[in-house]
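J.: give me a 3D structure for the following:
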Amino acid sequence: MAEKALCETVIELFKYYINNLQPVYNYLVVLKDKKPIQAVVEIENTFSHLAQACKDADEKGPNNQKVNSNLKRARNHLNRLETDLYKLLLVELKRRLDIEQINNKEVVQLAKVARDIELAEIGAVDEGHRRIVDAYRMAVNKAIELLELPPLFRD
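T.: Take a look at the predicted model:
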């Protein structure tokens, strides 16, 4: 991997975090009024792997296996973070639906969808990650709508 490609990859990972994960993280922190430990650990792990990749590239050149391995690990931590954020957000929203005793067909369906997603997540690998996250996102958006909360992403 050339130095320019390394920079582009690091920038792409940070853009992905800022555009796709940070809004979900912030929404969750506001709802719970605290930072979820699982998310903080994944963010720290991502940053550590990115830092190590840059250090290895500086010391040994950008074309080495350690750089590529750390970039892949950073991406994997972002994937895990994305899944965890949506799962934690859905759990919190479901808890709020239960407290408010909103108990209609849509809530019952939402609970079933959440269980189905969790079952599908078991054993999911990279190619299944996007499908799992999309399912969580749809369930989260439905719960937000039922609770009449502000939307997660604004157009």
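J.: what about residue 137, distance to residue 116?
T.: 14 Å (CB to CB, to the nearest Å). No exception for glycine: its C-beta is placed from N, CA and C like everyone else's.
J.: looking at these two, which is more packed in?
T.: residue 137 (18 against 12; other CB atoms under 10 Å).
J.: what's in contact with the helix or strand bottoming out on mean pLDDT in the chain?
T.: Within the chain, no helix or strand scores below helix 105-121, which has a mean of 71 by mean pLDDT, DSSP states H and E. Residues outside helix 105-121 that contact it (CB atoms under 8 Å, 6 or more residues apart in numbering) are 83, 87, 90, 94, 97, 128, 131-132, 135-136, 138-139, 142-143, 146.
J.: test my guess that residue 79 contacts residue 129.
T.: Yes. Using CB atoms under 8 Å, residue 79 is in contact with residue 129, at 5.1 Å.
J.: compare the two (neighbour count), which wins?
T.: residue 79 (21 against 16).
J.: longest helix of this protein?
T.: helix 65-99 (DSSP state H).
J.: against residue 46, how distant is the most centrally placed residue in the chain?
T.: With distances taken as CA atoms, centre = their mean, the residue of the chain nearest its centroid is residue 82 (0.9 Å). To residue 46, residue 82 is 11 Å away according to CB to CB.
J.: equivalent analysis for residue 32, please.
T.: Computed as CB to CB, the residue 32 to residue 46 distance reads 21 Å.
J.: who has more neighbours, the two?
T.: When neighbours are counted by other CB under 10 Å, residue 46 comes out ahead of the other of residue 32 and residue 46, with 23 against 14.
J.: please, which helix or strand holds that one?
T.: Element membership for residue 46, per DSSP states H and E: helix 37-60.
J.: what is the mean pLDDT for that helix?
T.: Helix 37-60 shows an average pLDDT of 94 in the prediction.
J.: give me the contact list for the strand or helix carrying residue 140.
T.: Assessed by DSSP H and E, residue 140 sits inside helix 126-147. Residues outside helix 126-147 that contact it (CB under 8 Å, 6+ apart): 79, 82-83, 86-87, 89-90, 93-94, 96-97, 100, 102, 106-107, 110, 113-114, 116-117, 120-121, 124, 150-152.
J.: whichever of these end up buried, select them in ChimeraX.
T.: In ChimeraX syntax, the buried subset of the contacts of helix 126-147 is picked out as below (16 or more other CB atoms under 10 Å):
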select :79,82,83,86,87,89,90,93,94,96,97,107,110,113,114,117,121,124,152
